[in-house]
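J.: what's the 3D shape of this:
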Amino acid sequence: MEEERKNNSLLVSNEDYLESGIHIGTKIRTGDAKVFVYKKRKDGIYIIDVEKIDLGIRKALEIIKGYETKDILVVATRMYTSNAAHKLKSLFPDINVIEKRFIPGTLTNIKSTHFTEPKISIVTDPRAEKEAIKESNSMRIPVIGLVDTDNVLEGIDNPIPMNNKGRKSLALLFWLISREISMKEGKIKAYNDFKVPISFFEKIELGEDEEAGK
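T.: Purely as a prediction, here's the structure:
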């Protein structure tokens, strides 16, 4: 009965979250990450609380749907994040996605050929994308950050605690974002109407696999 109650209160079932590995952290836990860690496994891996993952995603979705797609920037410099973000852009072409490398000045230098003026930034790897966070903060652009147990929350306004390195976990997140935007834009009338499978965001199509997911 308790498990049924929990599933009914989550964006997807508890089983779907666990199957994606979205709750699997790293062997490092920062002080910032302490608030969303559920436990430490015997092998040293920290496990993220699924309900806190779900809450973080819910809050982020509420924020995202307050913006037009043209005003959303996704910084996705790693293999799996860029793959999932690329799929998001294929569904919503107006979304600005930066893959592979964030060029300094992208948000602050109006003379840069890469200059863009989003109203919200989604950062998928806070450690590798510090410059994107710094420039977003400088321009007072709210930052949604995908944060694993080894990340800090500095500069991030709205954290989503999750495994931000796994192919399946990232596919699930970007599927949820796409479903929410589709609902907001009136492309679907109910969540069940969203027929794009999670596997669409998981399949690698941008080249050879460069890193091992969790």
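
J.: which residues touch residue 128?
T.: Contacts of residue 128 were listed using CB atoms under 8 Å, 6 or more residues apart in numbering, and they are 77-78. Just so you know, the C-beta spots here come from the backbone N, C-alpha and C atoms, and that holds for glycine as well.

J.: Just say helix, strand or coil for it.
T.: coil (DSSP: H, G, I helix; E, B strand; the rest coil).

J.: now the one 3 residues further on
T.: Put simply, residue 131 is helix when judged by three-state DSSP.

J.: That one touches residue 104, doesn't it?
T.: Yes - between residue 131 and residue 104 there is a contact at 5.5 Å, judged by CB atoms under 8 Å.

J.: how much space is there between the nearest residue in space to residue 184 that is not next to it in sequence and residue 158?
T.: Here the nearest residue to residue 184 in space, its sequence neighbours aside, is residue 65; by CB to CB, 6 or more residues apart in numbering that works out to 4.3 Å. Counting by CB to CB, to the nearest Å, the separation of residue 65 from residue 158 is 13 Å.

J.: Show me which of the two is the more surrounded one.
T.: Neighbour tally, residue 65 and residue 158, criterion other CB atoms under 10 Å: the higher count belongs to residue 158, 17 against 13.

J.: picking up where we left off before, tell me which of residue 131 and residue 104 has more neighbours.
T.: Neighbours of residue 131 and residue 104, each counted by other CB under 10 Å, are more numerous for residue 131; the result is 17 against 14.

J.: residues contacting that one?
T.: Remark: with contacts taken as CB under 8 Å, 6+ apart, residue 131 is in contact with 102, 104.

J.: Next one: it from residue 123, what distance?
T.: Relative to residue 123, residue 131 is positioned 10 Å away (criterion: CB to CB).

J.: With residue 89 instead?
T.: When distance is defined by CB to CB, residue 89 is 16 Å away from residue 123.

J.: Give me the more crowded residue out of those two.
T.: Neighbour tally, residue 89 and residue 123, criterion other CB under 10 Å: the higher count belongs to residue 123, 27 against 16.
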